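Engineer: Test case, fold it:
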Amino acid sequence: MDTDLTGKLLIALPGIGDPRFSRSVILVCAHSPEFAMGIVLNKPMTGLTLPQLLEQLDIPLEIDIPDELVLDGGPVSSDRGFVLHTDDVISEGATLEIDGEFCMTATRDILLAMGTRRGPRRSVLALGYSGWGAGQLEYELAENAWLVGTPNAELVFGESHDGKWDAALNELGIDSGRLQIHPGTA
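Structural biologist: So this is what the prediction gives:
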């Protein structure tokens, strides 16, 4: 498979086999033959909010920040922050433009902007990311571990984390109640 999945959603199927990714919805931020990386959009960290994390990082807040939960973006580099945001704020040389709507920045500058009126229209902060080596994601796709979908702002930035998996499947016309781990035989 030589299809670039950058800017697409990965939606975990019930038989994925890795409990860390059970019912996950991931925005693929970069994909090439050598690697792929994405951010899990629907696994909030228990009890860690954006204002709390910004305070821990000594980021001054000039505005009220919504009490959004920080996401567990994946098992790789879980001590590092990644901000998914709208394309209205671009840090030259630091922002990865994912597609025409979504960007990712992993520098302190974006956190400083989020604490002011100069921040992006919408954003979400994740600690860690999900990563795949050469051919690994393609193998998982061939093994039917993931479905591929198209993101929208509510799936990326919305706070209804428990409903994102079902919503992503519904966007594909799939009722999650009809999915099976092991298909039947005739």
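
Engineer: Spatially central residue in the protein, please.
Structural biologist: I39 (3.0 Å; C-alpha atoms, centre = their mean).

Engineer: All the strands of this protein, residue numbers only.
Structural biologist: 9-12, 25-31, 36-40, 44-49, 69-72, 76-86, 95-97, 102-105, 123-132, 146-149 (DSSP state E).

Engineer: Tell me who's in contact with T95.
Structural biologist: 89, 103-105, 110 (C-beta atoms under 8 Å, 6 or more residues apart in numbering). (C-beta placed from N, C-alpha, C; glycine too.)

Engineer: swap the cut-off to 7 Å and go again
Structural biologist: 103, 105 (C-beta atoms under 7 Å, 6 or more residues apart in numbering).

Engineer: right, and the residue nearest to the centre of the chain touches V83 too?
Structural biologist: No: I39 is beyond contact range of V83, at 9.4 Å (criterion: C-beta atoms under 7 Å).

Engineer: By mean pLDDT, show me the worst of the strands of the chain.
Structural biologist: When the strands of the chain are compared by mean pLDDT, strand 44-49 comes last with a mean of 91.

Engineer: Just the residues contacting stretch 28-44, thanks.
Structural biologist: With C-beta under 7 Å, 6+ apart as the criterion, stretch 28-44 contacts 4-8, 10, 24-27, 69-74, 82, 84, 96, 98, 104, 126, 129-134, 137, 155-156, 161, 164-165.

Engineer: now swap in stretch 111-121 and tell me
Structural biologist: With C-beta under 7 Å, 6+ apart, stretch 111-121 has contacts from 54, 57, 59-63, 65, 85-86, 88-89, 123.

Engineer: how far does that stretch sit from the chain's center?
Structural biologist: In terms of C-alpha atoms, centre = their mean, to the nearest Å, the gap separating the centre of stretch 111-121 from the centre of its chain is 20 Å.
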